[in-house]
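# need a structure here:
(4 chains)
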There are 2 protein chains.
Amino acid sequence: MDNQVKQVATISEMANLLKILSEPNRLGILEKIMDGVQCNCELGDALQIAPNLISHHLSVLRDAGLIETERDPLDARWVYYSININKLEELRMVCNEFFDPKRVKPRMIACGPSFSKKLIKN
Amino acid sequence: MDNQVKQVATISEMANLLKILSEPNRLGILEKIMDGVQCNCELGDALQIAPNLISHHLSVLRDAGLIETERDPLDARWVYYSININKLEELRMVCNEFFDPKRVKPRMIACGPSFSKKLIKN
DNA sequence: CGTATAATTCAACGATCATTGAACTATATT
DNA sequence: AATATAGTTCAATGATCGTTGAATTATACG
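Got it, this is the predicted structure:
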């Protein structure tokens, strides 16, 4: 029961993370930041997205903990976005575990004709 | 250019796969099938989802190539769903590569005060 | 202070998609 | 043939969310 409750939380947490990354523009932004720290206009130029939309997507990524922000020391109008390496590694590990083919188990009959046949046999 | 075109396709392909898996009920169904081959009603019982909704989600997973179907040899009304191991492994590898912290590179200045300062210097 | 710039926030709109309820298809039994 | 069962498909509805356009905030410069 306790194990089951924990599992349910993992599904929705994971689904949430996958949803955040499933938006093509947002995924593209994340990938661009992996190429190196970026500011809003660099991302916009590279991906042909308006500044306000870039801001919106960056906000979602930041709230998810995947990126971090820092203002330029010379001119605070410039905000730089970088990858949160720890969170990225965590994400990678979660995917590694969840999509591990070793998790795949054989059938445990709970219904169907074989189930009925089994009942009759017992 | 050719490399860039290829990269764009990868982003949308990956985003599409992530979107498929980002729906909690669908992710839960996939996970349940990993526990062993399932039929529609076993999945419905386990996850408290109506048969038609189960069918819908299974259809999406099948179209994505993540699961495979087989009818019961004794009674064709029963349809069993199993994981496509190869596709699962492929998914895992794609995540491994995309979310690899080793991909993260340092900043290449393309704009901002440091960029202006650099221009003035040259 | 007025103007410019980088970025952010806000709210409305339209597109997408999960869910619902009904209908349908295929198989099996009497 | 009638009835039951497992599963699928269809279409409408409502919820979610990306995008758009406008407004705002903060910073910088002359």
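
# what about the closest residue to residue A:87 other than its chain neighbours, distance to residue B:42?
Leaving aside its sequence neighbours, residue A:87 sits nearest to residue A:65 (C-beta to C-beta, 6 or more residues apart in numbering or on different chains; 4.7 Å). (Glycine included, C-beta is placed from N, CA and C.) Separation of residue A:65 from residue B:42 (C-beta to C-beta, to the nearest Å) stands at 36 Å.

# do the same with residue A:90
32 Å.

# neighbour-wise, which of these two wins?
residue B:42 (24 against 15; other C-beta atoms under 10 Å in any protein chain shown).

# now the more buried one. Nearest residue, chain neighbours left out?
In space, residue B:42 is closest to residue A:110, 5.0 Å off (C-beta to C-beta, 6+ apart).

# give me phi/psi at the one you found?
Backbone torsions for residue A:110, taken as degrees, to the nearest 10, come to phi -120, psi -10.

# on that earlier part again, distance of the residue nearest to residue A:87 relative to residue B:46?
In terms of C-beta to C-beta, residue A:65 sits 31 Å off from residue B:46.

# give me the residue ranges of chain A where confidence is low.
Residue ranges of chain A with pLDDT under 70: A:1-9, A:117-122.

# try it again with 90
Residues of chain A that meet the criterion pLDDT under 90 lie in A:1-10, A:109-112, A:114-122.

# on the three-state scheme, the residue nearest to the spatial centre of it is what?
Using C-alpha atoms, centre = their mean, the residue of chain A that lies closest to the mean C-alpha position is residue A:17, 3.4 Å off. Residue A:17 carries the three-state label helix when classified by DSSP: H, G, I helix; E, B strand; the rest coil.

# same deal with residue A:82?
Using three-state DSSP, the structure places residue A:82 in strand.

# look up the closest residue to it, ignoring the ones flanking it.
residue A:37 (4.6 Å).

# wait, that neighbour sits on residue A:78?
No - the criterion here is C-beta atoms under 8 Å, and residue A:37 misses it with residue A:78 at 10.9 Å.

# you'd agree residue A:78 is up against residue A:71?
Yes - counting by C-beta under 8 Å, residue A:78 touches residue A:71, with 6.8 Å between them.

# can you give me the strands in chain A?
A:38-39, A:67-71, A:79-83 (DSSP state E).

# winner for burial among these?
Of all the strands of chain A, strand A:38-39 carries the top mean neighbour count, a mean of 26, counting by mean count of other C-beta atoms under 10 Å in any protein chain shown.

# so what does that one touch, helix or strand wise?
strand A:79-83 (3 or more C-beta pairs under 8 Å, 6 or more residues apart in numbering or on different chains; DSSP states H and E).

# where's residue A:21 relative to DNA strand C, distance?
Residue A:21 is 14 Å from DNA strand C, where distance means C-beta to the nearest atom of the strand, to the nearest Å.

# show me what contacts that residue?
A:27, A:30, B:15, B:18, B:22 (C-beta atoms under 8 Å, 6 or more residues apart in numbering or on different chains).

# neighbours of the second one, just the number please.
Using other C-beta under 10 Å, residue A:30 has 23 other residues around it.

# surely it touches residue A:62?
No - at 11.1 Å, residue A:30 and residue A:62 do not qualify as touching, with contact defined as C-beta under 8 Å.

# end-to-end on stretch A:71-84?
Start-to-end span of stretch A:71-84 (C-alpha to C-alpha, to the nearest Å) is 16 Å.
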